[in-house]
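Asker: What shape does this take:
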Amino acid sequence: MRFSFKLRPALLAATLGAALATSPLTVLAKPLTVCTEASPDGFDVVQYNSLVTTNASADVIFNALVAYDEQQKKVVPALAASWDASADGLIYTFHLRPNVQFQTTDYFKPTRPFNADDVVFTFSRMLDDSNPWHKIAGPGGFPHAQSMGLAKLIKSVVKVDDNTVKFVLNEPNATFVPILTMGFASIYSAEYADQLLKAGQQADLNAKPIGTGPFVLKSYTKDAIIRYDANPAYWSAKPKIDRLIYAITPDPAVREQKVKAGECQIALSPKPQDVADAKNDKSLKIVTTPAFMTAFVALNTQKKPLDNPKVRQALNLAFDRSTYLKVVFDNTALPANNPYPPNTWSYAKSIAAYPYDPAKAKKLLADAGYPNGFATTIWVRPNGSVLNPSPKAGAELLQADLAKIGVKAEVKVVEWGELIKQAKLGQHDLLFMGWAGDNGDPDNYLSPLFSCNAVKSGINFARYCDAQLDKLIADGKATPDQGKRVKSYEDAQQIIHDQALWIPLGYPTAAAITRTNVSGYQVSPFGRQNFTAVAVQ
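Answerer: Residues are numbered from 1 along each chain as shown. From the prediction side, this is the model:
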């Protein structure tokens, strides 16, 4: 699966085209090359929580039972053709789409279509510690399933017949079906898993994935390139491209150069300055949308003196966020006050942001017992993304502002994969991070980022477990009454603000740069990628 050589994407695409042509009369659609910002952690999406990994696996290789339609703003059928819930909200019955085929590769040839056994296996693996696959995930476990508390929520997953599966819950949960649109809920082949288990090749589930999605993984060279072919047996609308190539290009300036040169047709996560520059190039198009995302600095409440709320409040008061948004986002992001964007229902409009007030920050530090400040570290990724276009520049701005109140902060630039790994273990002090929601529900932020379950799974980067906050989050999920959910979530946001668990930074605009010969591409507010409708002229 790994190759030692590297080719420029344009040359590679030409080489592949020549190699795959079956005759002089064969006409293949042009491949789509996408310049992406980082390597995925792997392809077994349930093990990871990074959007980069979701984009490389769940978004192209897999399907879930349901999907979130961004245009209609609602959950729609996917591998489940329909579903219904019992009156008490404890039983959800999914009626599966018939005759859906898992992908055929040189390492797996399915003998049956997708059925209820695959659904049962997928969730049993995450939730049942007696399942032989449960420990395969490694030290990170199953972060989304754990942070969402699915082991406690789901009592059982039962096969009724080949095309019907029943989820029995321990308590009603208004977010249950929307949760199933997330990448970690992708459905795996039980037959393929059995084959790997018998052969002792369990690691291949992460390196050689099999799904029902629109594209089949062909090869991956870490930090260089991922190649996919269109799935000829795809159950839904067939992709308009035959081949998809991810050219992994960490530097956003290089991504812009490559799309200008035609070496890739889409450049993801451009810097705001690159977007402005691309507007003057007639060969390029800019695609944008307000993002369902929040950029923030997480404050590790398990590290002294960050365990003191006065210290955390002081750090919020010390940071000149206006300058940060101007320098890093070129004022294309809205200032952030709360965990999720203001276009989300239940957003607490009454909560005012911490003002820039270094004098008050110094007084709070003195009140907390640190009149001369303290030493700490600021962790940041090396390369830019939608949620952090210029990581080192932003970290240095924070470093300079903290120095003004006596806090000596060392900036630690950590490779993305290692950053996530160590942050989930709670090794950081201050951590530049961002979160992209999946389905427009406020709980998509609150449970994974602020619940006690999420401290255990590692995604709660503030590492704050509070009984009152946890109850508010749980109460919000337990009722379908949106009015009651709003009250719970507003109260939760107040606690998060008062405890200063984050330094909220901004709500960015999601953008991509494409060539003008690309049609059908839309930027997702959730950062997800859908290339099935994309064509290259």
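
Asker: which residues touch stretch 272-287?
Answerer: 252-253, 255-256, 259-260, 262, 270, 288, 329-332, 389, 511-516, 518, 521-523 (CB atoms under 8 Å, 6 or more residues apart in numbering). (C-beta placed from N, C-alpha, C; glycine too.)

Asker: Packing partners of the longest helix belonging to the chain?
Answerer: If you go by DSSP state H, the chain has its longest helix at helix 482-498. Applying 3 or more CB pairs under 8 Å, 6 or more residues apart in numbering; DSSP states H and E, we find helix 482-498 packed against helix 443-450, helix 467-478.

Asker: if we can go back for a sec, okay, and which of the contacts of stretch 272-287 map to strands?
Answerer: Under the assignment DSSP state E, the contacts of stretch 272-287 contribute 288, 511-515, 518 to strands.

Asker: circling back: compute the inter-axis angle for the helix or strand following the longest helix of the chain and helix 482-498.
Answerer: Heading C-terminal from helix 482-498, the first helix or strand you meet, by DSSP states H and E, is strand 502-507. Between strand 502-507 and helix 482-498, the angle comes out at 120 degrees (axes from the mean of the first three to the mean of the last three CA atoms, to 10 degrees).

Asker: quick one: strands adjacent to strand 502-507?
Answerer: According to DSSP bridges, strand 502-507 forms sheet pairs with strand 293-299 (antiparallel), strand 334-335 (antiparallel).

Asker: thinking again about what came up before, can you flag the buried ones in the contacts of stretch 272-287?
Answerer: With burial judged by 16 or more other CB atoms under 10 Å, the buried subset of the contacts of stretch 272-287 is 252, 255-256, 259-260, 270, 329-330, 332, 389, 511-515, 518, 521, 523.

Asker: any idea which element residue 123 lies in?
Answerer: helix 116-127.

Asker: helices or strands up against that helix?
Answerer: strand 91-96, helix 150-153, strand 154-161, strand 164-169, helix 190-199.

Asker: And the next helix or strand past it?
Answerer: Reading on from helix 116-127 to the C-terminus, the next helix or strand found by DSSP H and E is helix 143-147.

Asker: Relative to the whole chain's centre, how far out is the longest helix of the chain?
Answerer: Relative to its parent chain, helix 482-498 has a centroid offset of 24 Å by CA atoms, centre = their mean, to the nearest Å.

Asker: Please apply the same query to stretch 356-376.
Answerer: Averaging C-alpha positions (CA atoms, centre = their mean) puts stretch 356-376 35 Å from its chain's average.

Asker: returning to that earlier point: pLDDT averaged over the helix holding residue 123 - what is it?
Answerer: Predicted confidence along helix 116-127 averages 97 (mean pLDDT).

Asker: Need the contact partners of it.
Answerer: Residues from elsewhere that reach helix 116-127, judged by CB under 8 Å, 6+ apart: 46, 65, 94, 96, 102, 131, 133-134, 136, 142, 145, 150-151, 154, 157-165, 167, 184-191, 193.

Asker: relative to helix 190-199, how tilted is that helix?
Answerer: Put simply, helix 116-127 runs at 60 degrees to helix 190-199, going by the same axes, to 10 degrees.

Asker: got the buried residues for the longest helix of the chain?
Answerer: By neighbour count on 16+ other CB under 10 Å, the buried set for helix 482-498 is 485-486, 488-494, 496-497.

Asker: And stretch 233-247, by the same measure?
Answerer: 234-236, 239-247.

Asker: so for that stretch, what's the average pLDDT?
Answerer: For stretch 233-247, the mean pLDDT works out to 97.

Asker: got it, and stretch 60-69?
Answerer: Per-residue scores along stretch 60-69 average to 97.

Asker: Residue 385: how many residues sit nearby?
Answerer: 24 (other CB atoms under 10 Å).

Asker: Next up, the contacts around it.
Answerer: By CB under 8 Å, 6+ apart, the neighbours of residue 385 are 37-38, 269, 434.

Asker: Quick check: of these, which has the highest neighbour count?
Answerer: residue 269 leads the contacts of residue 385 on contacts (other CB under 10 Å) with 28 neighbours.

Asker: Please tabulate the buried residues of helix 482-498 in CSV, including the columns distance to residue 397.
Answerer: Converted to CSV, the buried residues of helix 482-498 look like this (distance: CB to CB, whole Å):
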residue, distance to residue 397
485, 36
486, 35
488, 35
489, 31
490, 31
491, 32
492, 29
493, 26
494, 28
496, 23
497, 22
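
Asker: Specify which member of these is nearest to residue 352.
Answerer: Closest approach to residue 352 among these (CB to CB): residue 497, at 8.7 Å.

Asker: what about the residue nearest to the closest one when sequence neighbours are not counted, distance to residue 498?
Answerer: Nearest non-adjacent residue to residue 497, counting by CB to CB, 6 or more residues apart in numbering: residue 351, 5.1 Å away. As judged by CB to CB, to the nearest Å, residue 351 and residue 498 stand 9 Å apart.

Asker: what do you get for residue 344?
Answerer: Remark: distance between residue 344 and residue 498 (CB to CB) = 20 Å.

Asker: now do residue 343
Answerer: 24 Å.

Asker: For residue 474, which residues are in contact?
Answerer: Residues counted as contacts of residue 474 (CB under 8 Å, 6+ apart) are residue 451.

Asker: For the nearest residue to residue 509 once chain neighbours are set aside, which residues are in contact?
Answerer: Distances taken as CB to CB, 6+ apart place residue 332 nearest to residue 509, at 5.0 Å, with adjacent residues excluded. Shown in contact with residue 332 (CB under 8 Å, 6+ apart): 272, 275, 508-509.
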